[in-house]
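Novice: This is the structure alone, sequence omitted:
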């Protein structure tokens, strides 16, 4: 034991001796010019929007792997390489075989998917779903909803209630059999919602049978108005009332049939590399940096149809590679190892990071934290949204580094759109749900989000370079300290220990 401790002290000594020079030299490699060069490569038209799967995505994964190789990272993909592959099923809902049937006191109505109803999310069971119906309106208290079908009356005639998405997702996790959102969207909004719902989706082949929660659907008033009246349900009155309502609807029977049609089986890449740590006592632990490499591909029918995704997320991948280069500077490597992950299929439901965290190429329990980057090249020049700061003691680390480096002029700010639930919408979430403390950095969306106008010339490379220097210092602090990051207990219960 004494010999091991002595070796650890000696191994750490060169880093401590160079702590003034090496980090300065390292962050000096992070430049606006390098960032813009990398963004221009990743968001070039030749990448065709980097959809999952696509040749452009494969080229991007190869580019990231080549940069990992050039920096001398240890391969942590499949078969001794930098690429980890995972299988996906591409599918659509079979609208001919899928429907939601309402019956009450002799009245009967069928809401067909693709016409008056749409599948939103959640597991698709093998057979029909039947159960007692609980009616909710407004921000009703849920109560015991186990094995029941929830009918949630929502109002889409004006601004959508900010907490609606969160409420629906929470209801789906209550043990209910299904959640049906009763909608009054106008014709144009309904048509657009149905169009989006009809687009092909992806499911990880390795995730079969692991889906939790309840299926979530939307049904339009127009298809079931007569049955609802027979059951004593007046959606217009419920929407107009300021008082939430919850009641068991006796005499109303609902049957849900969902059938999906598999179109193809494909494979997609993650890129994974490790920079080994310098301390033999800590180099088996890892700080992860992550940024997704995929985007949404091509939108036909426009003069410029390629969604280049310069900000989403070429900016994040460029940042990942800049950090690889910075930490590879002699003397800049921290005591813990650094794991660099560039997952794909983020735009299709965080699927690449889900595969990695469920099939990690290093033990998941050895990853002490994840710093995730998504859309970091636009908006406010001197601030960035930092998500997860209140969930672990890494928020304290971030604040300490910000105070220590005022020259970076980068102020972390709270999530400006909590109703969008962005904590759950990028790859860090898959680390968090497996017990890894996370910090997520984003500059938020903008009018070019998921549009062909998200082009490299709109990236603020100078702003991004200062942010990346901040993330270098934050990562160095985490990877060099003796203790591992710790969750705050309440956040751990909410995110990880969800029993």
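Specialist: Cool, got the structure. The structure displayed is predicted, hence computed values, not measured ones.
Novice: all contacts plus neighbour counts: C-alpha atoms, from now on.
Specialist: Will do.
Novice: Select the longest helix from the chain.
Specialist: helix 461-480 (DSSP state H).
Novice: what are the phi and psi values for residue 93?
Specialist: Dihedral pair for residue 93: phi -70, psi 130, per degrees, to the nearest 10.
Novice: Verify the contact between residue 251 and residue 106 for me.
Specialist: No. Checked against Cα atoms under 8 Å, the pair residue 251 and residue 106 is beyond contact range at 9.9 Å.
Novice: Quick check: can you list the domain ranges of this structure?
Specialist: 12-90+264-495, 95-258 (automatic domain parsing).
Novice: Can you check the distance spanned by the last one, start to finish?
Specialist: When the termini of domain 95-258 are compared using Cα to Cα, to the nearest Å, they are 8 Å apart.
Novice: how far is it from where the chain is centred?
Specialist: The chain centre lies 24 Å from the centre of domain 95-258; the measure is Cα atoms, centre = their mean, to the nearest Å.
Novice: which sections of the stretch 151-300 of the chain are below the confidence cut-off?
Specialist: 208-211 (pLDDT under 70).
Novice: quick one, strands of it?
Specialist: Using DSSP state E, counting those that start in this stretch, the strands assigned to the stretch 151-300 of the chain run over residues 178-183, 201-204, 216-220, 245-257, 260-275, 286-290.
Novice: Redo these as TSV? Include mean neighbour count and distance to residue 121.
Specialist: Output for the strands of the stretch 151-300 of the chain, formatted as TSV (neighbours: other Cα atoms under 10 Å; distance: least, Cα to Cα, whole Å):
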stretch	mean neighbour count	distance to residue 121
strand 178-183	25	10
strand 201-204	19	10
strand 216-220	22	5
strand 245-257	17	14
strand 260-275	20	12
strand 286-290	26	25
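Novice: Rebuild these as CSV, extending it with distance to residue 324.
Specialist: What follows is these, written out as CSV (distance: least, Cα to Cα, whole Å):
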stretch, distance to residue 324
strand 178-183, 44
strand 201-204, 29
strand 216-220, 41
strand 245-257, 49
strand 260-275, 8
strand 286-290, 9
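Novice: who touches the residue nearest to residue 479 when sequence neighbours are not counted in this structure?
Specialist: Using Cα to Cα, 6 or more residues apart in numbering and skipping residues adjacent in sequence, the residue nearest residue 479 is residue 336, 4.9 Å away. Counting by Cα atoms under 8 Å, 6 or more residues apart in numbering, residue 336 makes contact with 276, 277, 278, 279, 282, 283, 284, 285, 286, 287, 479, 480.
Novice: contacting residues around the second one?
Specialist: Shown in contact with residue 277 (Cα under 8 Å, 6+ apart): 283, 284, 333, 334, 335, 336, 337, 338.
Novice: Check the first one too.
Specialist: Applying Cα under 8 Å, 6+ apart to residue 276 gives the contacts 73, 74, 283, 333, 336, 337, 338.
Novice: Can you check the pLDDT for the last one?
Specialist: Each residue has a pLDDT score; the one for residue 338 is 98.
Novice: Summarise which helices and strands the helix or strand containing it is packed against.
Specialist: For residue 338, the element it lies in under DSSP states H and E is strand 337-342. Counting contacts by 3 or more Cα pairs under 8 Å, 6 or more residues apart in numbering; DSSP states H and E, strand 337-342 is packed against strand 260-275, strand 286-290, helix 315-327.
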